[in-house]
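Engineer: fold the following and give me the result.
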Amino acid sequence: MKEYKELGVWMDHSNAILMELYNHTIDSKKLMIKPVLNDENKADDTHVIQKHSKEQQQHQAAFYKEISDIIKNYQNVLLFGPTDAKNELFNLLKADHSFDNTKIELRNTNKMAENKIYEFVVERFR
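Structural biologist: Reported below is the predicted structural model:
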C-alpha cells in the first residue's frame with residue numbers, strides 16, 4: 001500500500017502552521033511573515049506610507065512563495081484559516097501549472113488554538 005504525504009496549512013496574513021501527515025505521524029513547522037518596521041515620526045509622509053505598503057507586499061509575496069515551495073512536495077493539501085490569505089495563496093497556486101496535479105482544498109475556519117488546528121488536520125485526512 002502506497003503512503004501519501006498530506007499537508008494541512010493553517011494560515012492568516014502573517015503566520016502559518018504547516019502540518020505534514022505521513023505514515024500516521026504528524027510533523028509541524030511554523031512560518032511568520034517578516035514584519036515591516038514603521039517609522040512613527042514620519043507616518044504622515046505619503047512617500048513613507050507608500051514605501052511601507054510596497055515593503056509589506058514584498059514580504060507577503062515572499063511568505064506565499066515560501067509556503068508554495070513547501071506545498072510542491074505534497075499530493076493533497078488543505079488550506080484553512082480565518083482570513084482571505086488562504087484564498088490569495090490558492091489563487092497563486094492555481095495560476096502555477098506545477099500544481100496542476102496537486103489536490104488543494106480550501107476551508108474557512110475561525111481562529112483556533114494550536115491543538116485544535118492539529119485535530120482539524122488529522123480529522124480531515126483520516
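
Engineer: report the buried residues of stretch 25-33.
Structural biologist: For stretch 25-33, a neighbour-count test (16 or more other C-beta atoms under 10 Å) marks I33 as buried. Where you see a C-beta, it was placed from the backbone N, CA and C, and this is true even at glycine.

Engineer: please read the previous query as pertaining to stretch 54-70.
Structural biologist: Across stretch 54-70, burial judged by 16+ other C-beta under 10 Å covers 56, 60, 63-64, 67, 70.

Engineer: what would these look like in CSV with secondary structure, distance to V48 and pLDDT?
Structural biologist: Rendered in CSV, the data for those read as follows (DSSP: H, G, I helix; E, B strand; the rest coil; distance: C-beta to C-beta, whole Å; pLDDT from 0 to 100):
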residue, secondary structure, distance to V48, pLDDT
Q56, helix, 12, 88
Q60, helix, 19, 94
F63, helix, 22, 96
Y64, helix, 25, 96
I67, helix, 29, 97
I70, helix, 34, 95
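
Engineer: what is the nearest of those residues to A95?
Structural biologist: Y64 (11.5 Å; C-beta to C-beta).

Engineer: where does pLDDT dip in this structure?
Structural biologist: Low-confidence regions of the chain, defined by pLDDT under 70, span residues 1-4, 36-44.

Engineer: all helices of it, in order?
Structural biologist: Under the criterion DSSP state H, helices of the chain are mapped to 46-71, 85-95, 114-125.
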